[in-house]
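K.L.:
The following block contains a protein sequence and its predicted model.
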Amino acid sequence: MSDQSAEAVFDALGEPVRRRILELLQDGPTPVGRLAERLPVGRPAVSKHLRVLSDAGLIAHRSVGTRNLYALAPDGLAVAQQWLVRTWDSVLAAYAARAADVGRGGAARQGAQKRQAGQASA
Amino acid sequence: MSVVPPVHREVLVDADQATAFEVFTSQIGMWWPLGEHSVYGAEASVAFVDGNIVERSAEGDSSLWGTVLVWEPPRAVAFTWHPGGTPDRASRVEVTFKAAGPKSLVALTHTGWEVFDDPASARAEYDHGWVGVLDRYRERAGLQEVA
């Protein structure tokens, strides 16, 4: 997941009505009208939110006969969560390396410098 | 209830609790991988400044990543989180620091993807504040007085 699509996903998730749509879709594929009934915004706003969620890869649209259904994209949220986990792990690894350096007071580095100086003069 | 469950990660750090807290906060600019995760890229800087986490570009532009909610050295820090976004779309990060012998166990929890079960509270949230809720209370109080 690139940083660009991650931004789209978190922008999509950042809006409470869109999170409510994702929650409603956990029950399964749902027609737009049924979603709109259960949301505190008008139909045009619902369509706009559905477009944002679809562009972010979080939901998918299906036509079943004449019915216009939306469903959670199979891996949409899992991908977002995995990206978060990997990102924080890499950030925390960088943090831990720095904290260890500071925690050890740079003593290991001083020791290495002394050894190098000793070898150069030998 | 949340469509994206909280993300919880932990790391054991080779430093005492006070150092662990200080490095995470006061020294964030010394370790945050800006080349991988930033608004302005590797040449920028980031720091906790006056209760905010701010990234500055080499040209002097700034981007607010978040605002401190909890500041309890050496135990805990928490902040809103919206790098590259706006405060109304913020999630929340909490970091705790626990002594573990000579080392520290540092735990990071990223939350804020909650959904509101009650449609009325979802409406209030959508209205961005209490004004809408108070109006409705006033309406109802008005009707009761007439009756």
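P.N.:
Done, it's in.

K.L.:
rest of the way, CA atoms for contacts and neighbours
P.N.:
Fine.

K.L.:
Show the residue spans covered by the helices in the chain.
P.N.:
You didn't say which chain, so I picked chain A. A:3-13, A:16-25, A:32-37, A:43-55, A:76-103, A:107-121 (DSSP state H).

K.L.:
Not quite, go with chain B.
P.N.:
B:17-25, B:119-126, B:131-146.

K.L.:
per the record, what domains does the chain have?
P.N.:
Reading this off chain A. A:3-74, A:77-121 (automatic domain parsing).

K.L.:
I was thinking of chain B, sorry if that wasn't clear
P.N.:
B:7-112, B:116-147.

K.L.:
quick one, phi psi at the closest residue to residue A:9 other than its chain neighbours?
P.N.:
Leaving out its chain neighbours, the residue that sits closest to residue A:9 by CA to CA, 6 or more residues apart in numbering or on different chains is residue A:56, at 5.1 Å. Main-chain dihedrals, residue A:56, degrees, to the nearest 10: phi -80, psi 0.

K.L.:
picking up where we left off before, give me whichever of the helices of chain A is most buried.
P.N.:
Mean neighbours per residue, mean count of other CA atoms under 10 Å in any protein chain shown, is largest over the helices of chain A for helix A:16-25, with a mean of 22.

K.L.:
That helix to helix A:3-13, inter-axis angle?
P.N.:
90 degrees (axes from the mean of the first three to the mean of the last three CA atoms, to 10 degrees).

K.L.:
So is helix A:16-25 next to chain B?
P.N.:
Yes. Using CA under 8 Å from any CA of the partner chain, helix A:16-25 reaches chain B at A:16-17, A:19-20, A:22-23.

K.L.:
Only the C-alpha atoms, please, for that helix, written as CSV.
P.N.:
The C-alpha trace of helix A:16-25 is given here as CSV (Å, rounded to 0.1, in the frame of the first residue of the first chain):
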residue,chain,number,x,y,z
PRO,A,16,-17.9,9.5,11.0
VAL,A,17,-20.7,8.9,8.5
ARG,A,18,-18.3,6.9,6.3
ARG,A,19,-17.3,4.8,9.3
ARG,A,20,-21.0,4.2,9.9
ILE,A,21,-21.5,3.1,6.3
LEU,A,22,-18.6,0.5,6.8
GLU,A,23,-20.2,-0.7,10.0
LEU,A,24,-23.6,-1.1,8.3
LEU,A,25,-22.0,-3.1,5.4
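
K.L.:
tell me the mean pLDDT over that helix?
P.N.:
Mean pLDDT, helix A:16-25: 93.

K.L.:
Show me what it is packed up against.
P.N.:
helix A:43-55, strand A:67-72, helix B:119-126 (3 or more CA pairs under 8 Å, 6 or more residues apart in numbering or on different chains; DSSP states H and E).

K.L.:
For the closest residue to residue B:24 other than its chain neighbours, give its distance to residue B:56.
P.N.:
If the residues on either side of it in the chain are set aside, residue B:24 comes closest to residue A:95, at 6.8 Å by CA to CA, 6+ apart. Using CA to CA, to the nearest Å, we find residue A:95 at a distance of 20 Å from residue B:56.
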